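Visitor: Turn this into a model:
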Amino acid sequence: MRKLRLLGLCLLVAVSAFTLTSCLNDDDDNNNNSMTPAEKAQSFQIVQGSYSGKVYAIGRNVQNGNSEATDSAEVAWSINTDSTMIFHMVPARFLALAIDTTTTEHKAIRDAVLTQAPSEVNCAIGFYKYYQEWTTYPFWFINPGSVTYNVTVNGTSHKVVIGFWGNSTSSYGVFNATTKAMSSEILLAGATIDGVTPSVSISNAVPLVFVKK
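Guide: Residues are numbered from 1 along each chain as shown. Below you'll find the predicted structure:
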């Protein structure tokens with residue numbers, strides 16, 4: 001298994017003194033990282049519940065090439081089963097970052113989405129032994145579902161479906177059972193507008209990082 005991009009964890013280090021690098025399982029090719037049903041149930045028992053914190057939109061600084069937070073907002077999320085996670089009240093301006101604005105029409109559609117109410121992002125999750133001390137650092141991969149907006153621009157109705165990258169090693173959550181710190185990251189992929197899906201690349205994905213208070 002290839003190394004995860006630890007952008008979300010680096011942010012946690014900055015805001016929560018959440019040091020995890022010493023706990024990484026260095027054997028990326030280890031095939032024993034899957035969990036038994038009992039181990040998944042144990043991981044779920046550790047992380048289940050409702051949480052509040054901030055979501056950060058991550059962009060690239062064109063001057064130095066570094067990744068940095070470009071926007072943030074108060075949000076909440078919950079883990080109520082061992083296979084589902086919900087991000088609550090995600091502001092539309094974060095999800096609108098998935099919309100391609102290379103045309104005047106798409107810019108207008110994005111502006112219309114910006115006026116919409118916050119949305120829930122329903123996700124499927126799967127627990128995994130990414131860390132050797134997996135009971136101290138429960139870890140899970142996240143597959144977000146899409147979010148749909150129906151907007152009207154200049155008298156014309158448009159259906160906008162915001163999509164995320166699924167089955168990505170950069171969409172994940174991790175919890176520190178000792179300090180109760182938590183970080184999750186999901187990747188915006190693009191937006192299907194009126195049934196037309198744009199060409200997308202994971203290299204252009206926009207990360208949304210959720211950090212527990």
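Visitor: which residues of this structure fall in helices?
Guide: 7-16, 37-47, 92-95, 104-114 (DSSP state H).
Visitor: The second one - contacts with which helices or strands?
Guide: Of the remaining helices and strands, those touching helix 37-47 by 3 or more CB pairs under 8 Å, 6 or more residues apart in numbering; DSSP states H and E are strand 67-81, strand 119-128, strand 139-144, strand 172-175. For glycine as for every other residue, the C-beta is placed from the backbone atoms N, C-alpha and C.
Visitor: for the third one, same thing?
Guide: Identification of packing neighbours for helix 92-95 by 3+ CB pairs under 8 Å, 6+ apart yields strand 67-81, helix 104-114, strand 119-128.
Visitor: any idea which of those is most buried?
Guide: Comparing these by mean neighbour count (mean count of other CB atoms under 10 Å), strand 119-128 ranks first with a mean of 19.
Visitor: re earlier: for the helices and strands packed on helix 92-95, which one sits closest to residue 205?
Guide: strand 67-81 (11.6 Å; CB to CB).
Visitor: Now do the closest one, average pLDDT.
Guide: What strand 67-81 shows for mean pLDDT is 94.
Visitor: For the helices of the chain, give me JSON lines that also has mean pLDDT and distance to residue 146.
Guide: Converted to JSON lines, the helices of the chain look like this (pLDDT from 0 to 100; distance: least, CB to CB, whole Å):
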{"stretch": "helix 7-16", "mean pLDDT": "38", "distance to residue 146": "21"}
{"stretch": "helix 37-47", "mean pLDDT": "96", "distance to residue 146": "24"}
{"stretch": "helix 92-95", "mean pLDDT": "97", "distance to residue 146": "10"}
{"stretch": "helix 104-114", "mean pLDDT": "96", "distance to residue 146": "13"}
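Visitor: what's the closest of the ones you listed to residue 57?
Guide: helix 92-95 (5.4 Å).
Visitor: re the thing from before, could you export the helices and strands packed on helix 37-47 as TSV, including distance to residue 203?
Guide: Shown next, in TSV, are the helices and strands packed on helix 37-47 (distance: least, CB to CB, whole Å):
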stretch	distance to residue 203
strand 67-81	13
strand 119-128	22
strand 139-144	19
strand 172-175	18
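Visitor: related to what we said a few turns ago, need the helices of the chain in JSON lines with distance to residue 121, can you?
Guide: As requested, these are exported to JSON lines (distance: least, CB to CB, whole Å):
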{"stretch": "helix 7-16", "distance to residue 121": "15"}
{"stretch": "helix 37-47", "distance to residue 121": "17"}
{"stretch": "helix 92-95", "distance to residue 121": "8"}
{"stretch": "helix 104-114", "distance to residue 121": "15"}
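Visitor: Kindly provide the distance from residue 35 to residue 81.
Guide: Separation of residue 35 from residue 81 (CB to CB, to the nearest Å) stands at 15 Å.
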